[in-house]
Structures are given as structure tokens and as C-alpha cells.
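1. Could you work out the structure for the sequence below:
(chains A, B, C, D, E, F, G and H)
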There are 8 protein chains.
Amino acid sequence: MHLTVYLAGQIHDDWRQKLKEQASEKQLPIDFVGPMENHDRSDNIGEEILGEQPGPVFKDDAASQMNNLRTRVLMNKSDVVLALFGEKYKQWNSAMDAGMALALDKPLILVRPEPLHHPLKELSQKAQVTVETADQALEALAYIFDKE
Amino acid sequence: MHLTVYLAGQIHDDWRQKLKEQASEKQLPIDFVGPMENHDRSDNIGEEILGEQPGPVFKDDAASQMNNLRTRVLMNKSDVVLALFGEKYKQWNSAMDAGMALALDKPLILVRPEPLHHPLKELSQKAQVTVETADQALEALAYIFDKE
Amino acid sequence: MHLTVYLAGQIHDDWRQKLKEQASEKQLPIDFVGPMENHDRSDNIGEEILGEQPGPVFKDDAASQMNNLRTRVLMNKSDVVLALFGEKYKQWNSAMDAGMALALDKPLILVRPEPLHHPLKELSQKAQVTVETADQALEALAYIFDKE
Amino acid sequence: MHLTVYLAGQIHDDWRQKLKEQASEKQLPIDFVGPMENHDRSDNIGEEILGEQPGPVFKDDAASQMNNLRTRVLMNKSDVVLALFGEKYKQWNSAMDAGMALALDKPLILVRPEPLHHPLKELSQKAQVTVETADQALEALAYIFDKE
Amino acid sequence: MHLTVYLAGQIHDDWRQKLKEQASEKQLPIDFVGPMENHDRSDNIGEEILGEQPGPVFKDDAASQMNNLRTRVLMNKSDVVLALFGEKYKQWNSAMDAGMALALDKPLILVRPEPLHHPLKELSQKAQVTVETADQALEALAYIFDKE
Amino acid sequence: MHLTVYLAGQIHDDWRQKLKEQASEKQLPIDFVGPMENHDRSDNIGEEILGEQPGPVFKDDAASQMNNLRTRVLMNKSDVVLALFGEKYKQWNSAMDAGMALALDKPLILVRPEPLHHPLKELSQKAQVTVETADQALEALAYIFDKE
Amino acid sequence: MHLTVYLAGQIHDDWRQKLKEQASEKQLPIDFVGPMENHDRSDNIGEEILGEQPGPVFKDDAASQMNNLRTRVLMNKSDVVLALFGEKYKQWNSAMDAGMALALDKPLILVRPEPLHHPLKELSQKAQVTVETADQALEALAYIFDKE
Amino acid sequence: MHLTVYLAGQIHDDWRQKLKEQASEKQLPIDFVGPMENHDRSDNIGEEILGEQPGPVFKDDAASQMNNLRTRVLMNKSDVVLALFGEKYKQWNSAMDAGMALALDKPLILVRPEPLHHPLKELSQKAQVTVETADQALEALAYIFDKE
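-> I've put the predicted structure just below:
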């Protein structure tokens, strides 16, 4: 038994790296996948491939094509989706990813600090698991494999 | 031919009422449905039905049950989902609703002012239609019925 | 907007009749459907149609064909499934019906007295709404239609 | 050809262990998965990960999140679901799991002693196979691989 | 509540007509649909629409296009599929229709005289209901609507 | 029994109008839907709703949003898709619509003159029915309703 | 790229063995699976596992449970279904298997001698490929892997 | 993580070979699959397997069976579909393949030179990614694996 977990959420710090290291220490048979974490490259990937676009809306649309291709292919390959929300940023991508995971019937683990419980209450109620930290999410994933 | 359209988005002003009136003037055969727009009732509906809960997280969870039941039943009945984003509020519910619409393969119309194009670029790229105002969304809906 | 609600649960008292009367008083646009409530007929329907069977297991199997046909056709037609558990009876049918509603992605309302929370905790966590009385379930259904 | 089989049912004795040993003796290419069998840990896993909750209902709800995550991920990975019912315990989880297997179109093997045939008659009629003992269930699984 | 029932099976006698009359006498809210019952027209419909074909295999292929269009459209509209087998004819169409109903998750009622139980044993075991006569099938359908 | 049929294909002549008139003469209970047939409006609808775009590719993209919304909503409502190919125009839209109908498991009627049989051979082989003229397609639709 | 092919059809001669040998000679990367080919064991498997049943109908029902479990698990694992019809036997199982393959959207290869074209015309028209011999079916499978 | 990509499009030059070589140079973990690229064999495969047919329409129909079997099996195995359109040929197969990919919810990469933007505007708007050259498509695929 081997699991693939998609890590949705902001790409401004190294929370994914920490999670992977912890999972590695626990020797969990999990592959983690996720979006491009280099923020500038994520914003520029459309023009990198297609060349200059006629303005910022079109530049963004070109980049989104590529980012959405990546998310979609990797989410299709995943057994579980983990979506982490923090106190900064709009994070609408994360909420959209979470909504897609729900409707695709992929089990969703929502990670959010308690002060965000109110704006995320509907999402939390629909998630399979809601926790407050990435560490707790990893414990929930580890529990899938525990023998006793 | 008759359509049902779910109106996702913030519930702090009367944009849904205006949209319905315009559709009525144009005599479009569309039923609009959506979330509870009385904000206080939406927040309190859990305790209204289940009685007092042991704190704000649990109060929110109780309310979300009821709001999610409503959204889910009505979205299942809908042919199109319209999600409106404005410059205020976190609107994670709207993004989750949009994500669910996408994954349920319900055509999605995204309405957002141009200054929001960057944080919504992935959602926009996946929507069937992206426009800037609710009026434009209504024109897109009207076009479905136009003979010439 | 009109809803059809399947009422799963024991057939030993008239809780469905009361629920229908209350819904009628509130003028809710809901049709309620459910299993055969005449307990003897439900047990005998196999032999009523197919003639005598070679023992009680086969009699039960014959009856179940007919009861399952009814449940399946009516659940397919439903927008919401309500499953009520009481303190008596094994009610494995109710749990199976609830499990099928979950997997068919029909919104599920679980009704159970608080003393049953422990054995039903996994089912409750997966239901869209969990309440303690049929009255509360009806309030949750009514909320789908409320304008304010 | 290799199969994964989810073992739903009570976690109060070691029936799963015996089944695995028999399958191993027969050299069947089957991986068995299932719920956490340490009953106390299964009840406490919510508070173990999330900390103390405000009462037994909320403690149960927290634990169920984790148990349901495990069941759902493992059932998604399974080719067959085996649900065993015994004469003790309410076993509503087992019935819910069986119902979900049916609706997910996973082949279901129901194991129940003959005295339980009446309350389980509808479930039996919908299962792909109904047998009385875990040994018989294993023979049915072995038959999938038999050459003659 | 209104049901549509597709009547699969041989088209060499008037069993469908009798069934409809009985349903009409019982005032059941059921619409019955089915294949073209004029056997010659069913065989010739391909050449009737497309003109002469280069031999009997191609004539049959042309006719099958039209018959399959009809079956498929009408089966999509149906809530239940009834498949009747008699002692004459190969009836592979009926078995194919029954298989499609099963896989489309349409409840299937199998009608077959007892002497045919052996060659139809797998189909019977997968049907929702198996009976011996069309009259019994109608009783099973009527039971869906019975109040007591 | 009432059917909705989506008419895919070129919008440069009035073949849809003729088909509707013939169906009306035959009193067939069929509603026909389809794309915007006013070619200029179809090309300009993006700029009509969203205002001027920064070049022809972007103008086309804006128009496609609206045309695809229309097609998707109407195809979702349809029981059958009819795709007509003629000797002129690229008609890639028609082929895409046909491909979507196939994968959505909507019965597809392909109409094409015999000289086009080679480039359309794979599409023809996957269609439910292939005919040469719109008149023949209408006969195939009429056959669904014929009593004898 | 590796394929699994389910071989549906009669179990009275060794056509499957011959097909496997030919595929092996051609070094095709295909695993073939199928029903129990020992006819007596297939008929007796229900009583072998469950003990004596109260008559031939019930014996058949018990056996069918086991045979259907096997078919269903193996067909779920398959990429292609091949159904062979011969001039003898009723072969309703084969037609049911073919119908299920069609509705599960598994590509179906129908093998039948030309004299059977008429009774199998609807099934042929729905199959992905129709050929007259098992050898031809194997050529069609080999073509999937051919480079030139 | 390993991906399979189906390459739809014309088979008159060696664009697939070049793409594979480039992917190989970049050491991308991608398997490319696609139609038979030997054009004559693709046209004759029906008669090669089934023998001579009674005319070109029937020869084409026989060939299409085999080509469609190949496409369908390989597209089912794919994670992404790439459809390339050039300035020559009708390419209706490519458009049908693209439509099927869309409706099967396989991410679609559309490759077309800018002069074709108008006739392909609806397809482009529905594709996950639209680019102008096969090189750009490969960059988009490579981005799925990029770490930074």
C-alpha cells in the first residue's frame, strides 16, 4: 500500500518541505505532489512557454493554463488532497482545489489555524478531516497505516 | 427549455435581487437559487435548530451543516453556477462552491472585477465564462436562449 | 423547486406520518417516499408474489428482492435521504440505506437520539446533517426553502 | 493478478488475523486492509491528534474523522469488500460500510451466521455473495484464482 | 411519482400488450416503452431508411443502428428494465439489454419460466428481482406504490 | 415521452429550419436546440458582452466562451445529438461536439454525404446511426416513437 | 503498456487455451482472464462452499453467486472484453457479459461465425469490433501494439 | 510519478517521432502512445483482418473498427491527450479525439498554428492548454515535473 497526497495551499514558505521531511523520518510510504513552489516561475510560466502576452490579464491567463494542467494531472493521480490555509493571502486557489477534491470524491484534509474557523466553516464541515497544523495532518495520514 | 442557476458569492448586499429583477424584465425562463442571504440567520441556523453549542467553533460547525445541506441540494438542481467575487471578504465559500461546480461538470460563470484577475487567474481559466459584472453574466445567460 | 425525500428507518411506529403532517402544515413543497410500512406485508411480500419458499431464509430472500426493488427505485428518485435511528431494533437496513445514500452522493440527514451517538459516530460524521429528532430534520429541510 | 480486500466488521476479536493466516497458507495473492483494530486507540484517535474535546459527542466526532479517513482511503484502494456480522454489537459501521461498497459498485461478500438472516435479508440480497463463515468467504475469494 | 419501464424481450407475441392492459386496470402510474414490435419492420428498418444494402449482413447492420438508437434512447428514459425470456428464440438481444441495465445501475426485473433457471442463473442472481411470469413482475412493480 | 435533440453542424444555411418544419409536419414530440445560427453574432458575441479585445485571437477566445456555454448547457439537456457535416468548411466544432456526445454517452446521429465517408470513417463507426441526409436522420428519430 | 483481456463465452472446449498459446507465440503483453472453465466445478461451486441447497434452483443460485463474484472482479480489472459466440448452447451469460462490458464502457470484441449474424446484429452493431474467429480477434488485439 | 500521453493528430509526417526524441533528451518520465502511423496500413487494416469488403464504404467501416479499438484502449490508459492540428487535411478524427478527451475529463493540450485560431476557437477555449507548436506542448508537459 502506497499513497499519493496532493498538497494544496500557499507557495510562499517551505511548509511542504518540512512535511516531507517529517514523513520521511516516520518512513511513511507516501509521495507528496503539488503546485510549482517557485512563485515567480509560477506567475511567468505562460509567457515563458508562449511568449509575451498583450497585458497582465492575458499573461495571467497564459500562466494559469500551465498551472492548471499541472494541478489537474497531479490531483488525478492522488489518493488524498491536503489543503492548508494560513492567515495571509487570498488563497482562492486553495479553496477551489479543495472544492474540486470534494466533488471528485477525493478525501480532503483541511489544515487551518483556529482563528480562521469562521470563514472556513462550510469547507471544514465538508472536509473528511479538519486539523490546525500540518503536523496533525501528518498524524492523520500516518494513522491510515498504523497496525495498532 | 427552462434553466436553474445557482448564485454563489457574498451575502452582504442585494446583488442577487438586482439580477433577478433584470432577468424578470428580460422575461428569461430562469429560476435563480442560492444560499440564505440573511447573514445573521445563516450564522445562527445551527443553534436555532440544535440548541446552544459548546463554543464558537462548534456553533459554526452546526451552522455549516445546515448551510451545506441547502447549497448541495440546490446546486444539484442547477444547470449553471454563477460565482461572484468582490473586493471585500475572504469568500472562501464562493471559491469552494466554484470548485465543486467545476468538478461536478456544471458550467461555471465567474464574475469578478478586473483588479481581482491575478488571485483568481486559475479559477478564471477553468470557468466556462469569465466576466466583470453581474450584468454581463446575465447577457451570457440570455444568449443561451437567443434565436438570432 | 420541489423536493423528494426518502425516509429510511424502522417501520414499527408512525413517525413518518407525523413528519408528513408537519410538513403539510408548513406547506413545504416536499414529497416523502419510503419503504412499505406494513411490517407483516413487508416480511411476506416475497411469498405473496412468488408462492411458498423452502424455508425462512428463502422466504426472506424472496421478500428482500421486492423490498430492495422498492427502495432502489424510490431512492433513485430522491433529492435527500433522511435516516432515523431509534433505541430499539437492529436497524441494519437503515444503516445500509444511509451508506448507499452517502456513496450515491445523495445528501443524508441522520436522526438519532443522543445516547446513540457513540455507535453511530462514523455515520454521523459522514452525514450532511445530524440531528436528534425528526422535528429538527424537518426544520433543516424547511431551511432549504427559506427566503430570510 | 493481485487483489486488495477490505475487511469491514467488528474489531473485538482476532477474526481478521485468522483470515490472513489462512490466506497465507493457501498462498493467495491478496492484501487485506481494514480499520484500526485496537479498540481504545480507535475511540481515542481524535483527541490523540486534536487534543481534548468539550465532551463525549465531540470526542467521538473527532475520532470518527480519523477513522473515516482511513476507511475511505483503504476502501478506494480495494477490489472487494468483505463485511462480517456477528451476534453481538450494533455494528452499524459495518452496515454503513457494506452500503457504501454496494453503491460504489465494489463486489461485497457478506458473512453472517444463519440466525442473523432475517435482520440482514435486504443486505444479503444485494451482496454479491452471502456466506456464514469467514472460511467460506475465503473459499469464494480463492475461487477467483482457481484454474480448474 | 410516475415510473417509466422498458420492456425487453422477444417480439413474437403480444405479452407487452397484455401487461399494459393489466397495469391500466390497476391504474398504475407507469409508462411502458420498448422495441419496435412489428418484426418485419424491425428487420427492414435499415433498408427502409438507407436504401438497399450489399447483402444480409449489411442489411442487418443497417437495421441494428436504428433499433439500437431506439433502445438506447428509451432505456435512458427508464426507471426500471423488465427482461422477459421464453422457451423459444435465442434472445441474445434480451440478455444484452439485461446486461446493459445492470451495468447502468437500472433496477432489473427478470421474468423467466422455471425450466430456464439453469442457463439464466447468473443473470437471475444479478437481477434485482426474478419472477416466473409477467403477472408477477407487474405485482412487484405495483408494490413500489402500495401504501399498506 | 418527449425528446430534446441538439443539432450540431455548420450555421451557413437553413438546414435546421427545414428539419424543424418536417418534424412539425410529422407531429413528432421533439424539441430541437442548437448553436446561435446568426454567424456574425456568433463571432462577435464575446466583444458584444465584454467589450473590445486586444486582437483577433482574443476576440475569438471571448466569443468561444459564450458559444461554449450555450452548447454545453443545451447539450446537457439533450437526449440525442445530431451532427451534420457538409462538403464545405472545416467543421471542427461539429467533430468536437460529436466527440463530446460520444463520450457523454449521448446517442449520436451522424449525417454526411457519401463522398465524405473516408475522412469521417472513425466517427461514423462510433456513431449510433450514420445516414446521408437530414431527412433520413429525421426518419430515424421518428422510428423511436413508431408503434408499428 | 500491458493489457488485461477478459474472455467471455462458452466453457465447453479449449478455445481460450489456443488463444493464449497464439498470443504467447506472438509475444503479446496481454494477460487473459475468464470464468472457471471446469464446467462441473462451475455448476457445483455453490454447494461446494455453502453445502447442500434445497433444490436445483437454489443450487444454481448459490453457484451463480460465486461465478458472478469471479466475473465481476476480473472484468473490473480488464481493459478489453472479448465475447465469443458459437453455434451451440444458449450463451445468455456471454450476452449478459457483453452487455455489461458495453455499459461499463469497456471496449468489446465480438467473435461469432457468420451464420449467427442475424440474432447478434444489435450486439454486433454496438461492439467496438466484430470478427468471425478468435484468430481475427487476436490480430485486432495485436494491432493495438503494432508500430507500423 | 510516470505519465502516459496520447498523441492525436495527422499521421502524414514524423512529428510524433521528433517529440519522443526531445522528451527522451529531457529524460521526462513519459510514455507516448497514439494511432497507427503507417497510413496505408491504417486504411487497410479492416480488410487485412476481415478479408475483402463489398466496397470502399464498407472497407472504411472495417478499418475504423480496428483503429477505434486501438485509440480507445490507449486513450483509456492515458493521463493527458495532446491533439495537434496542421494546415492540411480535414483532421476530423483529431477533433473527435479531442472532444472525447474533453468529455472523459482527460486534460487536453491543443497544438495549432496561429492561422487556425478561428476555426478552432471553441476547441481551444475548452482545452486545458493551447499552444502553437509541439515543442511548446512538451514544455508544458515538462513543467508538471519541474521542482523549481
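
2. show me the contacts for residue A:57.
-> Shown in contact with residue A:57 (C-beta atoms under 8 Å, 6 or more residues apart in numbering or on different chains): B:114, B:117. Every residue, glycine included, has its C-beta placed from N, CA and C.

3. is it true that it lies in a helix?
-> Yes: assessed with DSSP: H, G, I helix; E, B strand; the rest coil, residue A:57 lies in a helix.

4. Okay, it and chain G: tell me how far apart.
-> 39 Å (C-beta to the nearest C-beta, to the nearest Å).

5. Name the residues of chain A found near chain C, please.
-> Within chain A, the residues that sit near chain C (C-beta under 8 Å from any C-beta of the partner chain) are residue A:105.

6. residues in contact with the residue in chain A that chain E sits nearest to?
-> Closest to chain E within chain A is residue A:105: 16.4 Å, counting by C-beta to the nearest C-beta. Residue A:105 makes contact with residue C:105, according to C-beta under 8 Å, 6+ apart.

7. try residue A:71
-> So residue A:71 contacts A:6, A:8, A:35, A:97, B:122 (C-beta under 8 Å, 6+ apart).

8. where does the second one fall, phi/psi-wise?
-> The phi and psi values for residue A:8, taken as degrees, to the nearest 10, are phi -90, psi 150.

9. so residue A:112 makes contact with residue A:85?
-> Yes: in this structure, residue A:112 is within contact of residue A:85 by C-beta atoms under 8 Å, at 4.3 Å.

10. Mutual contacts of the two, please.
-> Joint contacts of residue A:112 and residue A:85 (C-beta under 8 Å, 6+ apart) are residue A:120.

11. Roughly how far does the residue of chain A most remote from its centre sit from chain H?
-> Centroid-distance maximum for chain A: residue A:54 at 30.2 Å, with C-alpha atoms, centre = their mean. According to C-beta to the nearest C-beta, residue A:54 stands 14 Å off from chain H.

12. now do residue A:97
-> In terms of C-beta to the nearest C-beta, residue A:97 sits 15 Å off from chain H.

13. Confirm that the residue of chain A closest to chain E sits in a strand.
-> No: going by three-state DSSP, the assignment for residue A:105 is coil, not a strand.

14. Tell me, what's the model's pLDDT at it?
-> We have a pLDDT of 84 for residue A:105.

15. all strands for chain A, in order.
-> A:3-9, A:30-33, A:80-84, A:108-111, A:129-131 (DSSP state E).

16. Including mean pLDDT, distance to residue C:42 and mean neighbour count, could those go into JSON lines?
-> Shown next, in JSON lines, are those (pLDDT from 0 to 100; distance: least, C-beta to C-beta, whole Å; neighbours: other C-beta atoms under 10 Å in any protein chain shown):
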{"stretch": "strand A:3-9", "mean pLDDT": "96", "distance to residue C:42": "43", "mean neighbour count": "23"}
{"stretch": "strand A:30-33", "mean pLDDT": "97", "distance to residue C:42": "48", "mean neighbour count": "19"}
{"stretch": "strand A:80-84", "mean pLDDT": "97", "distance to residue C:42": "41", "mean neighbour count": "26"}
{"stretch": "strand A:108-111", "mean pLDDT": "96", "distance to residue C:42": "39", "mean neighbour count": "27"}
{"stretch": "strand A:129-131", "mean pLDDT": "95", "distance to residue C:42": "39", "mean neighbour count": "26"}
